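S.K.: Kindly return the folded structure for what I paste below:
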Amino acid sequence: MTHHDKDQHRPTPLWGSILTVIAGVTIIALAATVIHYRDLYGDTLDDLRKAEFRRKTLEEDSSNFRYVQRDKSAYTLQLIPTLTQAETTAFQARGLRAPYDDLAADLVNNWDSLGRLDRPSGSHDSLVRDAVCVLGPDRALALFDDGDRHGTALLAYRVSESGEITWQLLETVVQ
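M.R.: Model prediction:
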């Protein structure tokens, strides 16, 4: 037997085994960390893309309407139609005969049940049909007035299969 053959059959010292295990555990821990942060990075990028999409969408939507003063106190929102024919047809199939009017009327009727930000106690703001804009298949914009102050509300809505409309207040700006 040569000297080389003896080295190949010699058992690995204990320290070599320990270092191999430590290296393996370290590699696994680093891989798990990289995977975790890669997923976190991906989620963060998705959130940023959604926020940017929302910003661009709202910017585009805001370019579609303008305030028109009918008299010194009343504002009417004029809006280019924002629902596609397919969305209009889908809403009609759910029982909304005239989706823009039905959505606006439902919001006006349910306005008091929505909580609003920056509303002084005892004040009662009002909302009229002409101050509601349907911005798309799931959001609307409304102008409201309490006599002393006025504001804008961004709302999300959902129309169930049975035609029931639910509203969620997303943001308000009171002036």
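S.K.: counting contacts, what elements does whatever helix or strand Thr172 lives in pack onto?
M.R.: Using DSSP states H and E, Thr172 sits within strand 165-174. Packed against strand 165-174 by the contact rule (3 or more CB pairs under 8 Å, 6 or more residues apart in numbering; DSSP states H and E) you find helix 99-110, strand 150-159. Any C-beta I mention is one placed from the backbone N, CA and C, and that applies to glycine too.
S.K.: Looking at these, spot the one closest to Phe91.
M.R.: helix 99-110 (4.0 Å; CB to CB).
S.K.: Alpha carbons of the closest one, as CSV, please.
M.R.: Extracted in CSV, the C-alpha atoms of helix 99-110 (Å, rounded to 0.1, in the frame of the first residue of the first chain):
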residue,chain,number,x,y,z
PRO,A,99,-75.8,52.5,-14.1
TYR,A,100,-74.6,56.1,-13.8
ASP,A,101,-77.9,57.4,-12.5
ASP,A,102,-78.6,54.3,-10.3
LEU,A,103,-75.1,54.5,-8.7
ALA,A,104,-75.4,58.2,-8.1
ALA,A,105,-78.9,57.9,-6.6
ASP,A,106,-77.8,55.0,-4.3
LEU,A,107,-74.8,57.0,-3.1
VAL,A,108,-77.0,60.1,-2.4
ASN,A,109,-79.5,57.8,-0.5
ASN,A,110,-76.7,56.2,1.5
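S.K.: Distance from the chain centre to that helix, please.
M.R.: Relative to the centre of its chain, helix 99-110 is centred 22 Å away, using CA atoms, centre = their mean, to the nearest Å.
S.K.: Now do that helix, average pLDDT.
M.R.: Taken as a whole, helix 99-110 has an average pLDDT of 90.
S.K.: now swap in stretch 16-27 and tell me
M.R.: pLDDT averaged over stretch 16-27 gives 87.
S.K.: Identify each buried residue in it, please.
M.R.: Within stretch 16-27, no residue is scored as buried using 16 or more other CB atoms under 10 Å.
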